[in-house]
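[1] Any chance you could fold what I've pasted below:
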Amino acid sequence: MSQRGADDGQDNTSPKSEYRAIAKQWEQAKRAKQTHEAEAGQHERGGDAAEGRRRQLNERRRKGYERRWRWTVAFWLWLLAMHAGGIWLFTSGFLLTRLVLEDKSQCGLPPVDSPLASRSVEHGCWHPKTFERAVVVIIDALRYDFTVPEERSRARHFHNALPFLHESAVASPHNAFLRPFIADPPTTTLQRLKGLTTGTLPTFIDAGSNFAGTAIDEDNLLLQLRRAGKKIAHLGDDTWWALFPGYFEPNVSRAYDSFNVPDLHTVDNGVIDHIFPLLEPAAGRSWDLLIGHCLGVDHAGHRYGPDHAEMRAKLQQMDRFVRRLAAAVDDDTLLVVMGDHGMDSKGDHGGESDDEVEAALWMYSKRPVFGRTAPEHAAPPPTAKVRPVNQIDLVPTLALLLGIAIPYNNLGRPIEEAFAGRDGRDWANLAAASRMAAAGIQRYQQSYFDARGIARRDAEPGSPARLWAEADGGALPPRDAYDAYARFQAETLRVCKGLARTTSTSS
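    Here you go, the predicted structure:
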């Protein structure tokens, strides 16, 4: 009985225990769920915060990128504008430009009437000719101070190595003269050859073409010689062949590469070896103008600089060469030796310094035809700052001496030693030569102004038109007329240089 009651009591208490256990488990599960939900909510809130921070970071990065992009674009636009402005200022202000006129001078149509103009090649187109032929030797980069003597105590390697030019001008002033020969920059060889054959101003836009010369299509000395039926031979620098294709007699001409700077001798030796056979009587009339262009002095300067033993050796070779030439030419042949430019202390040349533009010009004749207009002019100038001549002055000088027409675009004037007579007093001949060259300049200036649409200021005192009227009025004695034509040429050259710097297009 009692055992059964005990069992019944255990049965009565077991469901309660199970209930409490289940309730406890449910409570634990509830708390666990709440904890999990709380943790999940906290995690979700943390994720939202992280997402917010990420979005803020991305926004800052986007704005920073946009700022950098805008600054970068602004910088490149500014740089582009600066480059464009610089190019515009350079081309419109510093860059020399020039309109090339295609007009050509004609032997039978001088720019002004003259009783001395025979209008024939036989006697001289615009002025009585002095020589039948000419030998023109260019010693590339022959600076003027290479040719004048210097005291031994102060002499450098380039001094007193080429004495013949100065010695002959002093010893035989009626047969030779030596003058400083001033180049217009840029002084690259191509631009100098253009100026030396056309009598025109160079243009900076041509400087880049020094390595790829293009044919000269405007009037020039070589064209006038060919029109007169003359033959031209060339030896040396091949730049001439690029500028004047088809001009040279192929059987007697030799061209050499001009840009092999380390080679000091091949071109010079080639010129020397081939030029003297052409001066022999056996060569006959195979040429009327013989051009020799030596490059060794220029190459020695580029490689070593002027103050070097190699430069001295090269100048000594040129001295021996010129001495032989002077002995070989005949009475009817003009010998011209000149530099196309100079060089600086490092051997470079562009036109920035005086040394780069101060070349030398020497003319020689077996016949005594040269004169000096003043006793103080008897000796060559001691420096290039004294009595220089412009390189463009060679063009009318050679044209009149050889009896051909002066090229149409010429701006130079005749060199006075060549026309002053032996006694230096033939002012009538000097004035006549200067008048013919000045008339050509007047004609060219008028054509240029018309082509450009530039109004002439004839009434202004000192203007080229006023100076021309004063010079050509016919009332001046020859000496005063010569001085008046010289003033006209100098002022016209100044005006043309100004026009070249202010115009912005070139054809």
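
[2] what's the spacing between the helix or strand hosting residue 33 and its chain's center?
    Using DSSP states H and E, the secondary-structure element containing residue 33 is helix 2-89. Its chain's average C-alpha position is 75 Å from that of helix 2-89, according to C-alpha atoms, centre = their mean, to the nearest Å.

[3] C-terminal to that helix, which secondary structure element comes first?
    Counting by DSSP H and E, what follows helix 2-89 is strand 133-139.

[4] Run through who's touching that next one.
    Outside strand 133-139, the residues within contact range by C-beta atoms under 8 Å, 6 or more residues apart in numbering are 236-237, 271, 275, 279, 287-294, 297, 318, 321-322, 325, 329, 332-340, 398, 401-402. C-beta here means a position set from N, CA and C on the backbone, and glycine is covered the same way.

[5] Quick check on the residues you listed: which are buried?
    Among these, those buried by neighbour count (16 or more other C-beta atoms under 10 Å) are 236-237, 271, 275, 279, 287-294, 297, 318, 321-322, 325, 329, 333-340, 398, 401-402.

[6] Am I right that residue 180 sits in a strand?
    Yes - when DSSP: H, G, I helix; E, B strand; the rest coil is applied, residue 180 is found to be in a strand.

[7] Could you look up the SS state of the nearest residue to residue 158 once chain neighbours are set aside?
    Sequence neighbours aside, residue 306 is the residue nearest to residue 158 in space, at 4.7 Å (criterion: C-beta to C-beta, 6 or more residues apart in numbering). Secondary structure, three-state DSSP: residue 306 is coil.

[8] What is the neighbour count of residue 306?
    For residue 306, the count of nearby residues is 25 (other C-beta atoms under 10 Å).

[9] One more: residue 192?
    Using other C-beta under 10 Å, residue 192 has 27 neighbouring residues.

[10] pull the CA atoms of the helix or strand containing it into CSV?
    Counting by DSSP H and E, the element that carries residue 192 is helix 189-198. Output of helix 189-198 as CSV, limited to C-alpha atoms (Å, rounded to 0.1, in the frame of the first residue of the first chain):
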residue,chain,number,x,y,z
THR,A,189,76.0,77.7,-94.7
LEU,A,190,72.8,77.3,-96.7
GLN,A,191,71.5,80.8,-95.7
ARG,A,192,74.8,82.4,-96.4
LEU,A,193,75.0,80.9,-99.8
LYS,A,194,71.5,82.2,-100.6
GLY,A,195,72.6,85.7,-99.5
LEU,A,196,75.9,85.5,-101.4
THR,A,197,74.1,84.6,-104.6
THR,A,198,70.8,86.6,-104.4
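
[11] All the helices of the stretch 251-400 of the chain, in order from the start?
    Using DSSP state H, counting those that start in this stretch, the helices of the stretch 251-400 of the chain run over residues 266-278, 296-304, 309-328, 354-357, 394-402.

[12] So which other helices or strands are in contact with the second one?
    Contacts of helix 296-304 with other secondary structure elements, assessed using 3 or more C-beta pairs under 8 Å, 6 or more residues apart in numbering; DSSP states H and E, are made with helix 309-328.

[13] what residue ranges in this protein are flagged as low confidence?
    By pLDDT under 70, the low-scoring segments of the chain are 1-14, 40-41, 43-47, 90-98, 203-213, 351, 457-459, 499-507.

[14] Which helix or strand contains the residue nearest the centre of it?
    Residue closest to the average C-alpha location in the chain (C-alpha atoms, centre = their mean): residue 186, at 3.0 Å. Using DSSP H and E, residue 186 falls within no helix or strand.

[15] Look up how far residue 258 lies from it.
    Residue 186 is 16 Å from residue 258, where distance means C-beta to C-beta, to the nearest Å.

[16] follow-up on the earlier one: so which of the helices of the stretch 251-400 of the chain comes closest to residue 176?
    For residue 176, the closest of the helices of the stretch 251-400 of the chain is helix 309-328, at 8.1 Å, according to C-beta to C-beta.

[17] Double-check residue 402 against residue 131; I have them as touching.
    Yes - assessed by C-beta atoms under 8 Å, residue 402 is found in contact with residue 131 at 6.0 Å.

[18] Residue 148 contacts residue 380, doesn't it?
    Yes - contact criterion C-beta under 8 Å: residue 148 and residue 380 qualify, at 6.6 Å.
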